[in-house]
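Enquirer: below: sequence and its predicted model.
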Amino acid sequence: MPPTPEMSGHGAPIDELRERLRGAGSICVLTGAGMSAESGIATFRDALTGLWSRFDPAQLASEEGFRADPALVWGWYAARRDGVRRAAPNAGHVALGAFARRHPGRLTVVSQNVDDLHQRAGNAGTIRLHGDILEDRWLEACKRRPACDTLTATPGTPPRCAECGNFVRPGVVWFGEMLPAGALEAADAAAERCDVMLVVGTSGAVWPAAGLAGRARRGGAHVVIVNPQPSEIDDEAHTVLRGTAAQLLPALLD
Ligand code: BV8
């Protein structure tokens, strides 16, 4: 029996939403760090537990923070990468992947997350707004032509180009950086064309991703928020479900 989460504010019961999703030609799912919480990956704001608790994530996740202390930031990402590699998709990821397999082309995942759990669960076409934590790239375009591929690596510090000293950095979008070319445009298009938007596990604090719920609503979509806590974009939702991704997504999607 699917959980009957406490409704908050306004909204339709689960059965009505499941019927609406059954009839939806296009579904857009905007996910944030809460989507991966039940896979054991701390949410972005909780990511700084223990050793990292005295740092500001927005500072660590920035070029300025990296240049100020490359070893510290590289160590934070190394710890998070280990967590992603140890994690497995949860029932919420599995429900989204299964739906995409049963109904090809009807569901688009737009994720703020930098883990690969949606892809491992079967949503290969997930639009990654904030990049991929498992990917490396150069901090600057390597000045040598052809680009030098000889790296020097000191344990605990980011690898560097042996010729020009350029740093390797994680392939994520830092605060103050533009989103990947095409990702935001694809996300906007998915939000504008969808009949239902599920907003799962995001505080709605980070822009421009947070603007996608309002864009979907203005495009005529029925917007549903799945989050055990209030978020900064609850007002954009027609329905707010106070529950978790792993509880509710299997109950909503069939
Ligand atoms: C940019 C990669 C152009 C790195 C991340 C207006 C427009 C444009 C930009 C801005 C703007 N206002 C401010 C800005 C600047 C900035 C911004 O948004 N700042 C915030 C802090 C105010 N935005 C940018 O810099 C973006 N770039 O716009 O470029 C530009 C440039 C300069 C100036 C102007 C414009 C780039 C932002 C990308 C940053 N990179 N990630 C890394 O991961 O290390 S963002 C990072 O935070 C993660 O990706 C994370 O996903 C994201 C957002 O947080 P959430 O996903 O929502 O996670 P959070 O922890 O906050 O919340 C978790 C939620 O889950 C909670 O609500 C909780 O209740 C819920 N939950 C918990 N458990 C569960 C659950 N839900 C369901 N089930 C559960 N089990």
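Expert: In hand now; what should we look at?
Enquirer: element containing the residue nearest to V196 when sequence neighbours are not counted?
Expert: Spatial nearest neighbour of V196, chain neighbours left out: A24 (4.5 Å); criterion: CB to CB, 6 or more residues apart in numbering. Any C-beta I mention is one placed from the backbone N, CA and C, and that applies to glycine too. Per DSSP states H and E, A24 falls between elements, in no helix or strand.
Enquirer: tell me the confidence at A24?
Expert: pLDDT for A24: 97.
Enquirer: what's near enough to touch the residue in the chain that the ligand sits nearest to?
Expert: Per CB to the nearest ligand atom, the residue of the chain with the smallest distance to the ligand is G34, at 2.2 Å. With contact set as CB atoms under 8 Å, 6 or more residues apart in numbering, G34 has these partners: 43, 200-203, 227-228, 244-245.
Enquirer: show me which of these neighbour the ligand.
Expert: 43, 200-203, 227-228, 244-245 (CB under 6 Å from any ligand atom).
Enquirer: so of those, which ones are in helices?
Expert: A245 (DSSP state H).
Enquirer: reformat the ones next to the ligand among the contacts of G34 as CSV; add pLDDT.
Expert: Formatted as CSV, the ones next to the ligand among the contacts of G34 follow (pLDDT from 0 to 100):
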residue, pLDDT
T43, 88
V200, 98
G201, 97
T202, 97
S203, 96
N227, 97
P228, 96
T244, 97
A245, 98
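Enquirer: which among the ones next to the ligand among the contacts of G34 count as buried?
Expert: Listed as buried from the ones next to the ligand among the contacts of G34 are 43, 200-203, 227-228, 244-245; burial here means 16 or more other CB atoms under 10 Å.
Enquirer: near the ligand, which residues of the protein are found?
Expert: Checking the chain against the ligand by CB under 6 Å from any ligand atom, the hits are 32-34, 37-38, 43-45, 58, 61, 112-114, 130, 172-178, 200-203, 205-208, 226-229, 231, 244-245.
Enquirer: PyMOL command for the buried members of those?
Expert: Command for PyMOL that selects the buried part of the residues of the chain next to the ligand, burial taken from 16+ other CB under 10 Å:
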select buried, resi 32+33+34+37+38+43+44+61+112+113+114+130+172+173+174+200+201+202+203+206+226+227+228+231+244+245
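Enquirer: returning to what we had before: any chance of the ones next to the ligand among the contacts of G34 in TSV, plus distance to R217?
Expert: Output for the ones next to the ligand among the contacts of G34, formatted as TSV (distance: CB to CB, whole Å):
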residue	distance to R217
T43	24
V200	16
G201	19
T202	15
S203	18
N227	16
P228	22
T244	23
A245	21
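Enquirer: and the ones next to the ligand among the contacts of G34, which is closest to N166?
Expert: T43 (32.1 Å; CB to CB).
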